[in-house]
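Asks: quick one: sequence plus predicted model below, questions after.
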Amino acid sequence: MNASDVLDQSGSETTRFAKSPDLEPIPGYRLLEPLGSGGFGEVWKCEAPGGLLKAIKFVQGSRSALDAGCGPAEEELQAIQHVKAIRHPFLLSIERVECIDGELVIVLELADKNLQDLLAEYRDRGQPGIPRHELLGYLHEAAEALDLMNIHHGLQHLDIKPRNLFLVYNHVKVGDFGLVNSFKVVGGGATPKLQLGAITPLYAAPEIFQGTISARSDQYSLAIVYQELLTGRLPFQGKNSRQLLMQHTGMEPDLQALPPSDRATVGRALAKDPAKRFACCTDFVEALATARTPPESVVVTAEPAANPPRQRRAAEDVRETPSNKAGTTEAVASRRSSSLREETIAGHQLLRCLRSSPREEVWEARAPNGTSKELRIIFGFNGRAAEFSARLKSLRHPALVPTELLDSEPGRLVLVADAIPRSLRDRLQECQAQGLAGIPRAELIDYVRGAAEALDALSREYSVQHLALNPRTLLLDNDCLRLADFGLAQLVWLPAGNHPRGETAGTPPRNYPADS
């Protein structure tokens, strides 16, 4: 949670706070400083039992309103009932909910800032918005959380805006669930429990103004968020709720501020008819990442809610076959490679992109002394570089591939290591090419023993785990086993509560094939 979480209907922050520092609205939870306030309540930073820092939100109400099941506090309480049991690394966690003297009190995970704050920081530096590669990483995470709510739980957030997308150690978490509704109930003939006065008109989908919601309402809002955070300009410029209602329901969006390759994709996500939008938020963000212009003739049809996003995408566009999907992946690497190929980072010339994902790229590079290096660029890294560099340099073991942090532009973390092209995966393929089932047992045991000894020693000495081991991170340097990427998962991804490389548990990293 952070400063601009609760806004009044006009979108401006108020500065009046009913609470005061050092109060304990819940025993053991001491208020420290206000973070934001608005028409329905206020948010404070607080110290929880054990000295932990949390955010605590107060939603105004009265005992009679709660008992009668009406008013902002009751509406938010009903919305929280929908999401309180959902767990996902990209959802801001709800840790406690209390009704105290008719007021709803919600204890939440404390974030560093929100994307509105980040946009302001970039604009203060003279940039129009958040750099595209960094922004797409954030939106991938937000889309994953929204699709979980949508596809698996039949819920729409209905208040997606930059102020409700929070940064926790440079990863986005969707927060503020006060308007969450079930579109399954609405689809069954009921009307949503949603007052128009509670929505943020700048980002609301047309169907919201018409008194209903769809499975793709959040996607519409996410498209507006993308344009605003990238360019600093909104696609609809209405000055009040009435003007915005007319524009969202009857006017085409102004997309001229966007790069030409983005306009068709954003335009499709902003279709007035929800059926003409992408099947899910992830599909929308992936279309942006690939700069793929969506075919106008494709009409998305409703599919069972149990289908995960990637299955829905295949059903949406029947012309995407495995072969041309592979071509799309190559196109992503090609476009991103062409934008960086001539770049030199701290004297290291980028030669060839080896792997690419929305969050990172791995390049073959030439060092200033002419030696071959492997250079990793992690996008969306906005702080603690010095702390991370010091921790990385402290790791010492003969099995580690020496890695150092390079100076780079804000928003990127750049690591360089010796290039060791041969891995256990390559050795496996060599053995299989010779007709063997796999690596001979005695040879493999030597490799595994070396890895185990190194991992145990590093864990004992530094309390750091690898957490992303696979055959490609176990390298063979003249038949000596070396550990690649050690410490990266724990020191970069896990501080945000995320699985290594930002993936959910049980799935392979995006930049490795599923069979690795």
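Replies: Noted; the coordinates are in hand. Numbering: from 1, shown residues only.

Asks: from Asp176, how far out is the residue minimising distance to the centre of the chain?
Replies: The chain has Glu141 as the residue nearest its centroid, 2.1 Å off, counting by C-alpha atoms, centre = their mean. Here Glu141 is placed at a distance of 16 Å from Asp176 (C-beta to C-beta, to the nearest Å). (C-beta placed from N, C-alpha, C; glycine too.)

Asks: outline the domain layout of this protein.
Replies: Annotated domains of the chain cover 30-109, 114-320, 332-502 [automatic domain parsing].

Asks: can you redo these as a markdown table with distance to Lys19?
Replies: Listed next are the domains of the chain as a markdown table, based on distance: least, C-beta to C-beta, whole Å:
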| stretch | distance to Lys19 |
| --- | --- |
| domain 30-109 | 6 |
| domain 114-320 | 18 |
| domain 332-502 | 28 |
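
Asks: so which of these is the most packed in?
Replies: Mean neighbour count, computed with mean count of other C-beta atoms under 10 Å, is highest for domain 114-320 among the domains of the chain, reaching a mean of 19.

Asks: so which strand or helix has the residue nearest to the centre of the chain?
Replies: Using DSSP states H and E, Glu141 falls within helix 132-147.

Asks: what about the chain, any weak spots by pLDDT?
Replies: 1-16, 38-40, 61-75, 183-198, 291-343, 357-359, 379-386, 408-411, 492-516 (pLDDT under 70).

Asks: so where's the longest helix in it?
Replies: Identified as the longest helix of the chain according to DSSP state H is helix 441-462.

Asks: list the contacts of that one.
Replies: For helix 441-462, contacts defined as C-beta atoms under 8 Å, 6 or more residues apart in numbering pick out 394-395, 397-400, 424, 438-439, 464-466, 469, 474, 476, 480-481, 483, 486.

Asks: where exactly do the helices run in the stretch 1-150 of the chain?
Replies: For the stretch 1-150 of the chain, the helices defined by DSSP state H, counting those that start in this stretch cover 63-68, 72-83, 115-124, 132-147.

Asks: okay, the angle between the last one and helix 115-124?
Replies: Computed by axes from the mean of the first three to the mean of the last three C-alpha atoms, to 10 degrees, the angle separating helix 132-147 from helix 115-124 equals 170 degrees.

Asks: so which elements touch helix 132-147?
Replies: strand 165-168, strand 171-174, helix 217-231, helix 281-290, strand 372-381 (3 or more C-beta pairs under 8 Å, 6 or more residues apart in numbering; DSSP states H and E).

Asks: ok, 6 Å please
Replies: For helix 132-147, the packing partners by 3 or more C-beta pairs under 6 Å, 6 or more residues apart in numbering; DSSP states H and E come out as strand 171-174, helix 217-231, helix 281-290, strand 372-381.

Asks: with only the CA atoms kept, save that helix in PDB.
Replies: Provided in PDB are the C-alpha atoms of helix 132-147 (Å, rounded to 0.1, in the frame of the first residue of the first chain):
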ATOM      1  CA  ARG A 132       8.800   0.500 -22.500                       C
ATOM      2  CA  HIS A 133      10.900  -2.600 -21.700                       C
ATOM      3  CA  GLU A 134      10.600  -1.900 -18.000                       C
ATOM      4  CA  LEU A 135       6.900  -1.100 -18.200                       C
ATOM      5  CA  LEU A 136       6.100  -4.300 -20.000                       C
ATOM      6  CA  GLY A 137       7.800  -6.300 -17.200                       C
ATOM      7  CA  TYR A 138       5.500  -4.700 -14.700                       C
ATOM      8  CA  LEU A 139       2.400  -5.200 -16.800                       C
ATOM      9  CA  HIS A 140       3.200  -8.900 -17.400                       C
ATOM     10  CA  GLU A 141       3.100  -9.300 -13.600                       C
ATOM     11  CA  ALA A 142      -0.100  -7.400 -13.200                       C
ATOM     12  CA  ALA A 143      -1.700  -9.300 -16.100                       C
ATOM     13  CA  GLU A 144      -0.800 -12.600 -14.500                       C
ATOM     14  CA  ALA A 145      -2.500 -11.700 -11.200                       C
ATOM     15  CA  LEU A 146      -5.600 -10.300 -13.000                       C
ATOM     16  CA  ASP A 147      -6.000 -13.400 -15.200                       C
END
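
Asks: now the angle between helix 217-231 and it, please.
Replies: Per the same axes, to 10 degrees, the angle that helix 132-147 makes with helix 217-231 is 170 degrees.

Asks: just give me the neighbour total for the closest residue to Phe166 other than its chain neighbours.
Replies: Nearest residue to Phe166, sequence neighbours excluded (C-beta to C-beta, 6 or more residues apart in numbering): Ala111, at 3.6 Å. Neighbourhood size, Ala111 [other C-beta atoms under 10 Å]: 23.
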